[in-house]
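Trainee: structural data only, the sequence is not supplied:
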């Protein structure tokens, strides 16, 4: 399988997960379908860990410094976050939201916090009140930073210990709170760092172990991934939420099915439809929340809800195709030569899936 196909397939998996997260945040009629939809965020973390290890660990070994790497990561992620913040501001002005500022100062601080990627932890129930999904992106950046900072000591035994330790703490937190849906709330925001690091470094571990998994999924891979991702987000056994049973069930999925999806995604060829899913994946994730939450807080018909989802997917594809991908193609072209600490230059290749890294 070519590297391009691998990246496209992984990003297509992100597209499926983004759709499930959108349904989870906005659904009025499909609660059983996405009762555990927040697990798609953990899948995002794992896929990101795999992709960034694939793309950057060789460059880490060649001497890429923290400033260069984190600048790249912020430039990659920020344009869509900026658009999401603006969309959240528009929805706040014209429609129902979960954000209820106590005054102009409170609102101004929340807006500044959103735009500067700093959680607003004083008066809101949401860490990022104008666009709540930004919490996971902020913690992914933290995991990215830690990945490079500890890379020189990140041997396989150390990596396994990190995955086990963060997994144990994540499990304990989930059992305490009743599910894995933590990190976005003001009062639970700090618990999200362990959740994010578990998923991210589990993805790095999958990357390090990739020669052991073999190949062979071929064209059946994406249908299998779609089925497993939908199964993960559903509540087929009517377990419900906010209970010990829900936490145990979600942890079982986190430790078994999500890594399986990630492994399959690394061994799947990508076609045109998969590429389209990849194009819309990040814009949909970054932009959907203000709109679907406003819809959830309103009385809408089933047809209206489905229509909103369809329109959001279409808009996300357009934004990805004509804004997100061009920005990243320009960024990759500009960064084609990477300056190393020792002053040498490493010529990088064009990224076959520029919307991914």
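Mentor: Thanks, I have it. This one's a predicted model, so the numbers in the text were calculated from it and none came from an experiment.
Trainee: number of nearby residues for the closest residue in space to residue 140 that isn't next to it in sequence?
Mentor: Leaving aside its sequence neighbours, residue 140 sits nearest to residue 48 (CB to CB, 6 or more residues apart in numbering; 5.8 Å). Heads up, the C-betas are built off the backbone N, CA and C, glycines and all. Residue 48 sits with 25 neighbouring residues when counted by other CB atoms under 10 Å.
Trainee: just the strands in this structure please.
Mentor: Secondary structure of the chain (DSSP state E): strands at 337-339, 345-347.
Trainee: in the stretch 251-357 of the chain, where is pLDDT below threshold?
Mentor: When residues are selected by pLDDT under 70, those of the stretch 251-357 of the chain lie in 336-357.
Trainee: no, scratch that, I was asking about the stretch 1-150 of the chain
Mentor: Along the stretch 1-150 of the chain, the model assigns pLDDT under 70 to residues 1-6, 123-124.
Trainee: so residue 22 makes contact with residue 287?
Mentor: No. The pair residue 22 and residue 287 does not pass the contact test of CB atoms under 8 Å, sitting 9.5 Å apart.
Trainee: what's the spacing between the residue nearest to residue 140 and residue 82?
Mentor: To residue 82, residue 48 is 20 Å away according to CB to CB, to the nearest Å.
Trainee: can you give me the helices for the stretch 51-200 of the chain?
Mentor: For the stretch 51-200 of the chain, applying DSSP state H, counting those that start in this stretch gives helices covering 66-94, 104-115, 134-149, 156-177, 192-208.
Trainee: find the nearest non-adjacent residue to residue 249, please.
Mentor: Residue 249 sits nearest to residue 239 (CB to CB, 6+ apart), 5.2 Å away.
Trainee: measure how buried that neighbour is and give me the count.
Mentor: If you count neighbours by other CB under 10 Å, residue 239 ends up with 16.
Trainee: residues contacting it?
Mentor: Shown in contact with residue 239 (CB atoms under 8 Å, 6 or more residues apart in numbering): 35, 245, 246, 249.
Trainee: which one of these is nearest to residue 276?
Mentor: Lowest distance from residue 276 to these (CB to CB) belongs to residue 35, with 27.2 Å.
Trainee: relative to residue 23, how far out is that closest one?
Mentor: As judged by CB to CB, residue 35 and residue 23 stand 10 Å apart.
Trainee: likewise for residue 249?
Mentor: From residue 249 to residue 23 the distance is 19 Å (CB to CB).
Trainee: between those two, who's got more neighbours?
Mentor: Per other CB under 10 Å, whichever of residue 249 and residue 23 has more neighbours is residue 23, with 22 against 19.
Trainee: from residue 32, how far off is the most centrally placed residue in the chain?
Mentor: Closest residue to the average C-alpha location of the chain: residue 44 at 3.8 Å, with CA atoms, centre = their mean. Between residue 44 and residue 32 the distance is 22 Å, computed by CB to CB.
Trainee: rewinding a little: tabulate the contacts of residue 239 (JSON lines), appending distance to residue 143.
Mentor: Shown next, in JSON lines, are those (distance: CB to CB, whole Å):
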{"residue": "35", "distance to residue 143": "26"}
{"residue": "245", "distance to residue 143": "29"}
{"residue": "246", "distance to residue 143": "25"}
{"residue": "249", "distance to residue 143": "25"}
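Trainee: can you select the buried ones from the residues you listed in ChimeraX?
Mentor: In ChimeraX syntax, the buried subset of the contacts of residue 239 is picked out as below (16 or more other CB atoms under 10 Å):
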select :35,246,249
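Trainee: give the contact list for residue 48.
Mentor: If you count contacts by CB under 8 Å, 6+ apart, residue 48 has them with 140, 143, 199, 200, 203.
Trainee: change it to 7 Å
Mentor: Applying CB atoms under 7 Å, 6 or more residues apart in numbering, one finds that residue 48 lies in contact with 140, 200, 203.
Trainee: hmm, residue 196 and the first one touching each other?
Mentor: In this case it means residue 140. Yes. Counting by CB atoms under 7 Å, residue 140 touches residue 196, with 6.2 Å between them.
Trainee: more neighbours: these two, which one.
Mentor: Taking other CB under 10 Å, residue 140 and residue 196 do not tie; residue 196 has more neighbours (29 against 22).
Trainee: look up how far residue 122 lies from the closest residue in space to that one that isn't next to it in sequence.
Mentor: Nearest non-adjacent residue to residue 196, counting by CB to CB, 6+ apart: residue 139, 3.8 Å away. Distance, residue 139 to residue 122, by CB to CB: 19 Å.
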